[in-house]
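>>> quick one, what's the 3D model for this:
(one chain, ligands or ions: 3)
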Amino acid sequence: MGTLIRGGTVVTATDTYPADVLVEGETVSMLGQKLAEAGHDVVDAAGAYVFPGGIDPHTHLDMPFGGTVTADDFETGTRAAALGGTTTIIDFALHTKGDSLHNALKTWHAKAADKACIDYAFHLTIADGRDETMAEIPKIIDEQGVNSFKVFMAYKHILQVDDETIFKTLQTCAVAGGLVQVHAENGDVIEVTTKQALAAGHTEPKWHALTRPVECEGEATHRAIRLAEIAGAPLYVVHVSSAMAADAISDGRKRGLSIYGETCPQYLVCDSSDYDRPDFKGAMYVLSPPIRDKWNQAVLLRKLKNMELHSFGSDHCSFNLCGQKELGKDNFSKIPNGAPTIEDRLAILYDVGVNQGVLGLNQFVALGSTNAAKLFGLFPRKGTIAVGSDADIVVWDPAKERTISAKTHHMNVDNNVFEGMKIKGRPRYVFSRGLKVADGDTFTGRKGYGKFQRSAKFFPVQL
Ligand code: URP
Ligand code: ZN
Ligand code: ZN
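Numbers count the residues shown, from 1 in each chain. Ligands and ions are numbered 1, 2, ... in the order given. The predicted structure follows:
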């Protein structure tokens, strides 16, 4: 007996058509009109869109950072993701300087294995450019099923690496079939501006943004793209926050380079005035790169529409205001960087993109799911609805309205940067490899159900 998702409109990155979807076991077995019930469980998709499950290519679960550990682990984070329509996450396994990449991966496998409620894959960060580290990269790609490696140009003395390490990583990945991801902000400049601000007695959250001006992101994005160009390597720029950085990506692509850009929901709906919120609430928006002036939002959205930005990650990195963000009550540089966004990622893209008439439905699917599957070696098992693909499916009710709030969200954290936002469109049901994991607001899946997904080698896809 299977599950028959009946009467909806199937939407993939390329097609939109009315069809029933039959799920048998963990995969889609048939698509067609008026498929026979034949004893299957029937799921009502009338008036709904049937999307491939969302793929969130940027999460930080159970991650030590900023003197604490993110509030969501693989259980609470993936449960919230499922309720928001995401069925696969790609989390960052943190490499430690001097240690092996294999060890980092082992640690992250242990964090996820018995907890994840939906499927997951990994990126690895690169903490040093030692020969041993570079030598491991091809083995990680070929044997461990991880195809992407993040380098940080910021967080000096913590995660930041120098240009030599970035360049070596780019060269190594270009040969081995890996994709380098970059956190593009000039960490050396930020180190100076931060010290100067603190010395002048500026301690409030808004100084996080004031000490990381947009030029820091623009310069680093340009530099990273030029390094990739010299190395002959593809590059994926994570969490693009500004028009300046997005323009650098567009320029690189005009030169024929394989550069991809990701932006995040917080950059589409939050703006720099959020740092002025009273009672230390501005600390909720302390994330990097920082939230920018409002006019950047429309530019980023237009770049998503024009395929100059290619993917939509949450950069979910949750910290409680109480007890965690508070670490920086008297010093903005000690506020742990990050925000809880895994649950509302798709709803925000839908509301700001589709409801406002900027993005088409196929673009919504491409940005929320398919493009990440292609870049990170999961397609076509994930990222589409097709016979033989994993039955990761969202039955999406476009008419359902709700107001986002930390009081009702499912993330394990006491704040939500989208608090009070009224949005239209949300999952009616969510399936992960055939298992119903969300029924409206109720989680119906199970802890430990999620499986590690091996990423195939990267090859430059046309997006
Ligand atoms: O502020 C952020 N983005 N925290 C997560 C770490 C990162 O840089 O992605
Ligand atoms: Zn980053
Ligand atoms: Zn991140």
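
>>> residue contacts, the residue lying closest to residue 328 once chain neighbours are set aside?
Nearest residue to residue 328, sequence neighbours excluded (CB to CB, 6 or more residues apart in numbering): residue 335, at 3.1 Å. C-betas here are computed from N, CA, C, even on glycine. Shown in contact with residue 335 (CB atoms under 8 Å, 6 or more residues apart in numbering): 66, 205, 208, 283, 286, 325, 327-328.

>>> check residue 335 and give its pLDDT.
The model reports residue 335 with a pLDDT of 98.

>>> ok, now which ones touch residue 220?
Listed by CB under 8 Å, 6+ apart, the contact set of residue 220 reads 153-154, 182, 184-186.

>>> buried stuff in stretch 177-194?
Neighbour counts using 16 or more other CB atoms under 10 Å place 177-187, 189-191, 193-194 of stretch 177-194 among the buried residues.

>>> for the closest residue to ligand 1 within the stretch 351-463 of the chain, grab phi and psi.
Using CB to the nearest ligand atom, the closest approach of the stretch 351-463 of the chain to ligand 1 is made by residue 417 at 11.3 Å. Residue 417 adopts backbone torsions of phi -70, psi -10, taken as degrees, to the nearest 10.

>>> count of neighbours near it?
Using other CB atoms under 10 Å, residue 417 has 21 neighbouring residues.

>>> near ligand 1, which residues of the stretch 251-400 of the chain show up?
With CB under 6 Å from any ligand atom as the criterion, the stretch 251-400 of the chain meets ligand 1 at residues 287-288, 315, 317, 337-338.

>>> so which of the residues you listed is the most crowded?
Within these, neighbour counts (other CB under 10 Å) peak at residue 315, which reaches 29 neighbours.

>>> isn't it right next to residue 266, touching?
Yes - using CB atoms under 8 Å, residue 315 is in contact with residue 266, at 7.4 Å.

>>> and for those two, which residues touch both?
Counting by CB under 8 Å, 6+ apart, the shared contacts of residue 315 and residue 266 are 287, 339, 341.

>>> in strands, which of these appear?
The strands, defined by DSSP state E, take in nothing from the shared contacts of residue 315 and residue 266.

>>> adding pLDDT, write those out as a markdown table.
Formatted as a markdown table, the shared contacts of residue 315 and residue 266 follow (pLDDT from 0 to 100):
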| residue | pLDDT |
| --- | --- |
| 287 | 98 |
| 339 | 98 |
| 341 | 99 |
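
>>> so which of those residues would you say is closest to ligand 1?
Among the shared contacts of residue 315 and residue 266, residue 287 lies closest to ligand 1 (CB to the nearest ligand atom), at 3.4 Å.

>>> could you count how many residues lie near the nearest residue to residue 130 once chain neighbours are set aside?
Computed as CB to CB, 6+ apart, the closest residue to residue 130 that is not its neighbour in sequence is residue 98, at 7.8 Å. Neighbours of residue 98 under the rule other CB under 10 Å: 10.

>>> if we can go back for a sec, ok, and which of the buried residues of stretch 177-194 reach ligand 1?
For ligand 1, the contacts drawn from the buried residues of stretch 177-194 by CB under 6 Å from any ligand atom are residue 183.

>>> tell me the one of the buried residues of stretch 177-194 nearest ligand 1?
Lowest distance from ligand 1 to the buried residues of stretch 177-194 (CB to the nearest ligand atom) belongs to residue 183, with 4.9 Å.
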